[in-house]
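1. From the sequence below, what's the structure:
(chains A and B)
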Protein chains: 2
Amino acid sequence: MPVALPDPREVDVVTLTRAICDIPSVSGNETALANAVEDLLLSADHLEVLRDGDAVVARTHLGRDRRVVIAGHLDTVPIQDNLPTQLLQRDGEEILTGRGTVDMKGGVAVALHLAVTLTDPGVDVTWVFYDHEEVEATKNGLGRVVRTHPDWLTGDFAVLGEPTAGGIEGGCNGTLRVEVRTHGTTAHSARAWKGHNAIHDAADVLARLAAYSPGEVEVDGLVYREGMNAVGIRGGIATNMIPDECVVTVNYRFAPSASVEQAYAHVCELFDGYELALTDSSPGARPGMDSPAARDFLEAVTAVTGGELGPKYGWTDVARFSELGVPAVNFGPGDPSLAHADDEHVPTEQIRQCAAALAAWLTAPAHGPGEKRSPQ
Amino acid sequence: MPVALPDPREVDVVTLTRAICDIPSVSGNETALANAVEDLLLSADHLEVLRDGDAVVARTHLGRDRRVVIAGHLDTVPIQDNLPTQLLQRDGEEILTGRGTVDMKGGVAVALHLAVTLTDPGVDVTWVFYDHEEVEATKNGLGRVVRTHPDWLTGDFAVLGEPTAGGIEGGCNGTLRVEVRTHGTTAHSARAWKGHNAIHDAADVLARLAAYSPGEVEVDGLVYREGMNAVGIRGGIATNMIPDECVVTVNYRFAPSASVEQAYAHVCELFDGYELALTDSSPGARPGMDSPAARDFLEAVTAVTGGELGPKYGWTDVARFSELGVPAVNFGPGDPSLAHADDEHVPTEQIRQCAAALAAWLTAPAHGPGEKRSPQ
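-> Okay, the predicted model is just below:
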């Protein structure tokens, strides 16, 4: 039997959050929730509804000068005996506990509530609900829509409802991984002088990493902390053999002002003289806080939530919008350090504030995408 | 149908070697060969024959002043399309090719031939043929006999017929392994400053290894080269995590003048400040070349084979005799660097020379175990 969600025209955003959390949707099992979301969106006459797999897209066509995209993923990491949700009083505030309350069904509920109830926003809005965010990047539902229907995602600015505790986190660092290899010659370890020990040679690779000072780079007014770290090391054939290879896997997180090529060149310089293999990379995303839409968003949100603007360090799906040329930020209820935690929980007031802030921004009088504002 | 070996009273030692090689006996499948060996030994009236699993022991009881032990393992590493054996001419010499010709059925054939044909040796002799040498130490057949029947192995001197190309390799280095651990604190690699990288800390561990100068230690007139080597390294949880642990496995090969305790203390000093775990250890064996029996053996062998005396670096079963207080050396036909090779082969002349040398030694006029000899 298909599950249904309560009608946002009849319940508040916290009740909707709770209902969304109580439909389990661990990555790969989003269909029931996606269907319920699609049904709600189809009930709203002002929306065009599109579907790709378990990604559901709804958009207004009001002829506004500007279009914003508001997106969130429907899936969660596995449930750890933390469903159904509970509404509790703790330390004088009301909280909602359970899987997904932070990452990120609060953000999904805010979007879904506004999608249905804001029938006449000041900008055109594209609402995106997608699957497979918590698993390998190749399965990511937003990435799939970028490949199959990039036109569904066009806009002047995008907001990803990932938890930021009501603050705004702009852009994200890029990331790349390299394998640094040393080579030796095998021999029996009883006659080590007949071989050459590749693990001993890795001493210098690790020494360069240990001595490395990561940068702090200002991009569009936000300071991004970088990082250069060994995230893996392996070597050794048998406990009586001199190893002929040692592989250090290094992860470089770099500020969004650098391209992947520039970042890789920096790593090559650091490990000059060693064999390197680039195993994966994703460009960062500039915060884009200098665009008029971003400034409007920042003003509207800080007026309601009091949240602050900061950089995002981890790679997030905002970079997918960045690739499409759409500036994007993270903004949503929930403390990001509680994401994936067994005691995941969110203050219900944060959900309400985020909904109010987004509503205020979306219903403000429209500006054209290129319109100049007076300096503040 | 039981397989049989040709009668040493009717065939030469090369023919016997070939027949022994052509009965496959990969570790764990020695029974057919052990039965055939036992049958031959039982056919000799001058021998008492004992059996434990697939280990067969035969000994004379001639009332001599001195008893020597001559031992060899019956098993081989897996066959690589290199059986049955072939007798070939190569570069002007006759060679026998095939699995076991070097490690160590040449040595087994020499022993078995002499066991049956030397009915009146100048010393009492204990002949030992055992199983499971080429696999983990806990299965070793000689180790099992040491535990269950140590009295079967008593003697004044022992010769292990492992391949030494006709030279004598005395004693063996000891060996121990330690795990050197560094500890850190996990964090997401996008926020590395919240953690502490355990792999980076291993830079100093590897630097100490790379800078280490292994010793050369003289023991009873032989010089043992030592070795201190990383044989494995592992660290890393996920490619987006700062690792909280790195483990370097170090193998120390130490001269037989040091005990395991002394060797471990040396390793603890080298890695002062780090967490160490001793995972396994085996004491070395002194060459014992200062005993009269050893000097007689050296003289008899070098007169026949022209082979030289040198140290054994790898740990071998001579250390098991050493534990029982029996000085032991390695002496047998075959180039040890061809052991386990697909093209394993032995010059047949080496097999004949080893048999002649052992026969000369065993039939020489007896000396008492403590008898003094005039200086040479």
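2. going forward, measure contacts between C-alpha atoms and count neighbours the same way
-> OK.
3. Now the one residue in the stretch 251-376 of chain A that gets nearest to chain B: closest residue in space that isn't a chain neighbour?
-> Closest contact between the stretch 251-376 of chain A and chain B, by CA to the nearest CA, is at residue A:314 (4.9 Å). In space, residue A:314 comes closest to residue B:190 once its chain neighbours are excluded; the distance is 4.9 Å by CA to CA, 6 or more residues apart in numbering or on different chains.
4. dump the residue contacts of that neighbour.
-> Residue B:190 makes contacts with A:173, A:226, A:227, A:253, A:313, A:314, A:315, B:240, as judged by CA atoms under 8 Å, 6 or more residues apart in numbering or on different chains.
5. what does residue A:51 give?
-> residue A:57.
6. about what we covered before: over to the residue nearest to residue A:314: give its phi and psi.
-> phi -80, psi -20 (degrees, to the nearest 10).
7. hang on, the earlier thing: in TSV, list the contacts of residue B:190 along with pLDDT and neighbour count.
-> Listed next are the contacts of residue B:190 as TSV, based on pLDDT from 0 to 100; neighbours: other CA atoms under 10 Å in any protein chain shown:
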residue	pLDDT	neighbour count
A:173	91	30
A:226	96	24
A:227	97	23
A:253	96	33
A:313	80	28
A:314	79	18
A:315	83	18
B:240	85	24
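8. In chain A, where is pLDDT below threshold?
-> A:1, A:366-376 (pLDDT under 70).
9. Nearest to the spatial middle of it, which residue is it?
-> residue A:316 (2.7 Å; CA atoms, centre = their mean).
10. my read: that residue touches residue A:169, true?
-> No. Look at residue A:316 against residue A:169 with CA atoms under 8 Å: they stay out of range, at 10.6 Å.
11. so can I have CSV of the contacts of residue B:190 showing secondary structure and distance to residue B:299?
-> Formatted as CSV, these follow (DSSP: H, G, I helix; E, B strand; the rest coil; distance: CA to CA, whole Å):
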residue, secondary structure, distance to residue B:299
A:173, coil, 75
A:226, coil, 71
A:227, strand, 67
A:253, strand, 69
A:313, coil, 76
A:314, coil, 74
A:315, coil, 75
B:240, coil, 65
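12. Could you pull out the strands in the stretch 251-376 of chain A for me?
-> Along the stretch 251-376 of chain A, counting by DSSP state E, counting those that start in this stretch, strands occupy A:275-282, A:309-311, A:328-330, A:345-347.
13. what's in contact with the lengthiest helix in chain A?
-> Counting residues, the longest helix found in chain A (DSSP state H) is helix A:348-363. Contact partners of helix A:348-363, identified using CA under 8 Å, 6+ apart, comprise A:13-14, A:94-96, A:106-107, A:110-111, A:114, A:118, A:120-123, A:165-166, A:296-297, A:300-305, A:332-334.
14. Show me which positions of that helix end up buried.
-> A:348-362 (16 or more other CA atoms under 10 Å in any protein chain shown).
15. JSON lines for the contacts of residue B:190, including distance to residue B:40?
-> As requested, those are exported to JSON lines (distance: CA to CA, whole Å):
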{"residue": "A:173", "distance to residue B:40": "77"}
{"residue": "A:226", "distance to residue B:40": "76"}
{"residue": "A:227", "distance to residue B:40": "72"}
{"residue": "A:253", "distance to residue B:40": "72"}
{"residue": "A:313", "distance to residue B:40": "77"}
{"residue": "A:314", "distance to residue B:40": "75"}
{"residue": "A:315", "distance to residue B:40": "75"}
{"residue": "B:240", "distance to residue B:40": "65"}
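16. Any residues of the stretch 151-300 of chain A in contact with chain B? List them.
-> Residues of the stretch 151-300 of chain A found near chain B (CA under 8 Å from any CA of the partner chain) are A:173, A:189-193, A:197, A:199-207, A:209-210, A:226-227, A:229-243, A:249, A:251, A:253.
17. any idea which element residue A:129 lies in?
-> strand A:124-130 (DSSP states H and E).
18. between that strand and helix A:348-363, how many degrees?
-> Counting by axes from the mean of the first three to the mean of the last three CA atoms, to 10 degrees, strand A:124-130 lies at 140 degrees to helix A:348-363.
19. What is the subsequent helix or strand relative to strand A:124-130?
-> helix A:141-148.
20. got the CA coordinates for that following helix in PDB?
-> The C-alpha coordinates for helix A:141-148 follow below in PDB (Å, rounded to 0.1, in the frame of the first residue of the first chain):
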ATOM      1  CA  GLY A 141      20.700  11.200  -8.100                       C
ATOM      2  CA  LEU A 142      21.500  14.900  -8.500                       C
ATOM      3  CA  GLY A 143      24.600  13.900 -10.600                       C
ATOM      4  CA  ARG A 144      22.300  11.700 -12.700                       C
ATOM      5  CA  VAL A 145      19.900  14.600 -13.300                       C
ATOM      6  CA  VAL A 146      22.900  16.900 -14.200                       C
ATOM      7  CA  ARG A 147      23.800  14.300 -16.900                       C
ATOM      8  CA  THR A 148      20.400  13.400 -18.200                       C
END
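21. Quickly run through the sheet partners of the helix or strand following that helix, with directions.
-> Next helix or strand after helix A:141-148 toward the C-terminus (DSSP H and E): strand A:157-160. Within its sheet, and counting by DSSP bridges, strand A:157-160 is paired with strand A:67-73 (parallel), strand A:328-330 (parallel).
22. now, of those, which is deepest in the fold?
-> strand A:328-330 (a mean of 31; mean count of other CA atoms under 10 Å in any protein chain shown).
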